[in-house]
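[1] Could you work out the structure for the sequence below:
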Amino acid sequence: VQLQASGGGLVQPGGSLRLSCATSGGAFTHDMGWFRLAPGKEREFVARSNWPGGSQYYADSVVGRFLVSRDAAKNTLYLQMNSLKPEDTAVYYCAARISGSSSFNTWGQGTLVTVSS
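    The predicted model follows:
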């Protein structure tokens, strides 16, 4: 199981970015999530897409602004981020876990998102 995150960059406040997480080795048929790590803070849950069924869960801080989705044809998980704020600045990681298990045990490398004017 491998995950490869991409799509980070520099964006102005109020802007949008879409992160991608390409999967291999069967990770697509797992629960998959996005987490972030900001300087001086602990790693934070951002969003999750369950498998099967596709139920979605979001941190309160991103509800209404972020949307997690999957593309089965591309075995890819996405995180569409809108109305970005400076406090969204962080390294974003995608992760996978066996469906229904308690912890994410497979992690991709991070992609840096910087929200600044």
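
[2] Which residue ranges of the chain form strands?
    Secondary structure of the chain (DSSP state E): strands at 2-6, 9-11, 17-24, 31-37, 44-49, 56-58, 66-71, 76-81, 90-97, 106-107, 111-115.

[3] same for the second one, what does it pack against?
    Packing partners of strand 9-11 (3 or more Cβ pairs under 8 Å, 6 or more residues apart in numbering; DSSP states H and E): strand 111-115. In this view, the C-beta of every residue, glycine as well, is placed from N, C-alpha and C.

[4] repeat that for 10 Å
    On a contact count with 3 or more Cβ pairs under 10 Å, 6 or more residues apart in numbering; DSSP states H and E, strand 9-11 meets strand 17-24, strand 111-115.

[5] quick revisit: any chance of the strands of the chain in a markdown table, plus mean neighbour count and mean pLDDT?
    Shown next, in a markdown table, are the strands of the chain (neighbours: other Cβ atoms under 10 Å; pLDDT from 0 to 100):
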| stretch | mean neighbour count | mean pLDDT |
| --- | --- | --- |
| strand 2-6 | 17 | 94 |
| strand 9-11 | 14 | 98 |
| strand 17-24 | 19 | 95 |
| strand 31-37 | 22 | 96 |
| strand 44-49 | 20 | 97 |
| strand 56-58 | 15 | 96 |
| strand 66-71 | 17 | 95 |
| strand 76-81 | 22 | 97 |
| strand 90-97 | 23 | 96 |
| strand 106-107 | 15 | 94 |
| strand 111-115 | 18 | 98 |
